[in-house]
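J.: Sequence and computational prediction follow.
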Amino acid sequence: MLFVSLRDLQWRLRRFVIGVLATGLVFAIALLISGINASFQNEAKRAVRAFGADQWLVSKDSLGAFNTATPLDNGPGIAAEVARLPGVRAANPVLIFPFTVTKPSVRDLNVIGVVPNGVGAPVVTEGRGLKRQGDLVADKSAGLKIGETLRLHGIALHVVGRTSGISYNAGTPTVFVTFDDSQHLFFPGGKKGDLVREFTKGEASAIVVRGKVTRPPAELGVRTNAAILTDLRRPLKKATETISFLRFLLWIIAAGIIGSVLYLQAIERTRDFAVFKATGVSSRTLLVGITLQAILLAACAALAALAIAWALGPTMTLRIEVPPSAYLALPVVAIAVGLISSLFGLRRAVTVDPAVAFGGA
């Protein structure tokens, strides 16, 4: 039966190749959306980790510093107070907010205002870090080059360094500016140079801390990195759940493709099955032959999926980070899909009347 099954695939090679490519494309799309889902999770981790904080102090009614932050008045003053608490090695204010650039084209940025060389200051991979007002550190995904000037609300910011892999909210690039410049961007009514007069409050999204705060000021609540990460991921929760559901649907589609190929082959092999049954071949043996074809088709489709995903990945606008677990799961899922799909052909095979082999109805 093994030899017969292989010869049958060879006889219908064109259909087999089409089935492999169609199923491989479905598997590849499943891999790619797994990579998109993983990138949403990973970028949030990298964004929170980039601050290098052990704890975050936010308004008591805030869940985090990114999406549900209530601005803190006089951030630098609060940070100085926190820095004097027992167990705290350093504390600085940060201001986090979205920003839309309109020139030369419309695009979104995540702007983070930090104290140069303080807690939250970015670790650059190219150039240098922030030193003074007018400096800007951009993530590579923003497409800004060192030495380039970016004008935001009339303020000329010069790109002095670049980071890598720091984005959030579905790949939106992040730029870092000094805390003073962030005040001008967040409150565009003031004039550059009037920071002390116009922005005495120094509003902050959070106070980032190195060390451990045991008794925070009365108006503040302590948040761990895990809590901040949960807050950052929350807006994309429905999107990631939808992606997971679509991936499940793709497995069903793959099973349907393989099942249709096997079912068509089973219809064409009706007389063959009748001969097998008339000569005493058991249904179990027929099952082995059909299952072998299904698993072989699914396995070849899994290999094709790796090549297709590798080719399509660079064309995606979103960052693709296919986790190793997805690659490990692919052959397991492919075999499972093959086994389920074999039921389509098996049902046809076991219902064939042996009399068909002799020209019977």
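T.: Done, it's in.
J.: where does the stretch 151-300 of the chain have low pLDDT?
T.: Residues of the stretch 151-300 of the chain that meet the criterion pLDDT under 70 lie in 188-201, 263, 265-289.
J.: those strands in it, which residues are they?
T.: Under the criterion DSSP state E, counting those that start in this stretch, strands of the stretch 151-300 of the chain are mapped to 155-163, 167-168, 172-178, 206-211, 220-223.
J.: For the stretch 1-150 of the chain, which residues score under the pLDDT cut-off?
T.: Low-confidence segments of the stretch 1-150 of the chain (pLDDT under 70): 1-12, 69, 104.
J.: cutoff 80 now
T.: Low-confidence segments of the stretch 1-150 of the chain, defined by pLDDT under 80: 1-16, 68-69, 102-105.
J.: That one: strands as residue ranges?
T.: With DSSP E, counting those that start in this stretch as the criterion, the stretch 1-150 of the chain has strands at 55-59, 88-101, 107-114, 126-127, 135-139, 149-152.
J.: Redo those strands as JSON lines? Include mean neighbour count and distance to residue 32.
T.: Every residue, glycine included, has its C-beta placed from N, CA and C. Compiled in JSON lines, those are given as follows (neighbours: other C-beta atoms under 10 Å; distance: least, C-beta to C-beta, whole Å):
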{"stretch": "strand 55-59", "mean neighbour count": "25", "distance to residue 32": "34"}
{"stretch": "strand 88-101", "mean neighbour count": "20", "distance to residue 32": "27"}
{"stretch": "strand 107-114", "mean neighbour count": "21", "distance to residue 32": "23"}
{"stretch": "strand 126-127", "mean neighbour count": "16", "distance to residue 32": "29"}
{"stretch": "strand 135-139", "mean neighbour count": "26", "distance to residue 32": "22"}
{"stretch": "strand 149-152", "mean neighbour count": "15", "distance to residue 32": "32"}
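J.: Just tell me which of the ones you listed ends up closest to residue 260.
T.: Nearest of these to residue 260, taken as C-beta to C-beta: strand 107-114 at 43.3 Å.
J.: Now do the closest one: everything it contacts.
T.: 92, 94-101, 120-122, 130, 142, 152, 167-169, 172-183, 185-186 (C-beta atoms under 8 Å, 6 or more residues apart in numbering).
J.: Measure how it sits relative to strand 135-139, angle-wise.
T.: Angle of strand 107-114 versus strand 135-139, following axes from the mean of the first three to the mean of the last three C-alpha atoms, to 10 degrees, is 120 degrees.
J.: tell me the angle strand 107-114 makes with strand 172-178.
T.: 40 degrees.
J.: for the strands of the stretch 1-150 of the chain, which one sits closest to residue 306?
T.: Per C-beta to C-beta, nearest to residue 306 of these: strand 135-139, 29.1 Å.
J.: Provide the strand pairings for that closest one, with the direction of each partner.
T.: strand 155-163 (parallel), strand 172-178 (antiparallel) (DSSP bridges).
J.: Let me know which of these is the nearest to residue 307.
T.: Nearest to residue 307 among these is strand 172-178 (30.2 Å), distances taken as C-beta to C-beta.
J.: Now do the closest one: distance to the chain's middle.
T.: 20 Å (C-alpha atoms, centre = their mean, to the nearest Å).
J.: oh, and call the first residue 27 from now on, that's how I've got it
T.: Right, with 27 as the first residue, what we last looked at is strand 198-204.
J.: List of residues touching that strand?
T.: If you take C-beta under 8 Å, 6+ apart as the criterion, strand 198-204 is touched by 73, 124, 134-142, 147-148, 156, 158-159, 161-165, 167-170, 176, 183, 189, 192-194, 211.
J.: now stretch 254-262
T.: Residues outside stretch 254-262 that contact it (C-beta under 8 Å, 6+ apart): 66-67, 70-71, 73-74, 82, 89-94, 194-196, 249.
J.: 10 Å instead, please
T.: 63, 66-67, 69-71, 73-75, 77, 79, 81-82, 84, 88-95, 122, 194-196, 232, 234, 249-250, 263, 266, 269 (C-beta atoms under 10 Å, 6 or more residues apart in numbering).
J.: Mind giving me the ChimeraX command for buried ones among these?
T.: Those of the contacts of stretch 254-262 that count as buried under 16 or more other C-beta atoms under 10 Å are selected in ChimeraX with:
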select :63,66,69,70,73,74,77,79,81,82,84,88,89,90,91,92,93,95,122,194,195,232,234,249,269
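J.: Filter the contacts of stretch 254-262 down to the ones in helices?
T.: Secondary structure from DSSP state H places 63, 66, 67, 69, 70, 71, 73, 74, 75, 263, 266, 269 of those in helices.
J.: With distance to residue 323 added, can I get these in CSV?
T.: Shown next, in CSV, are those (distance: C-beta to C-beta, whole Å):
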residue, distance to residue 323
63, 27
66, 32
67, 32
69, 36
70, 38
71, 38
73, 42
74, 44
75, 43
263, 36
266, 31
269, 26
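J.: ok, which pair from the residues you listed is furthest apart?
T.: Spatial extent of these (C-beta to C-beta) is set by the pair 75 and 269 at 23.1 Å.
J.: Look up how far residue 281 lies from residue 327.
T.: In this view, residue 327 and residue 281 are 11 Å apart by C-beta to C-beta, to the nearest Å.
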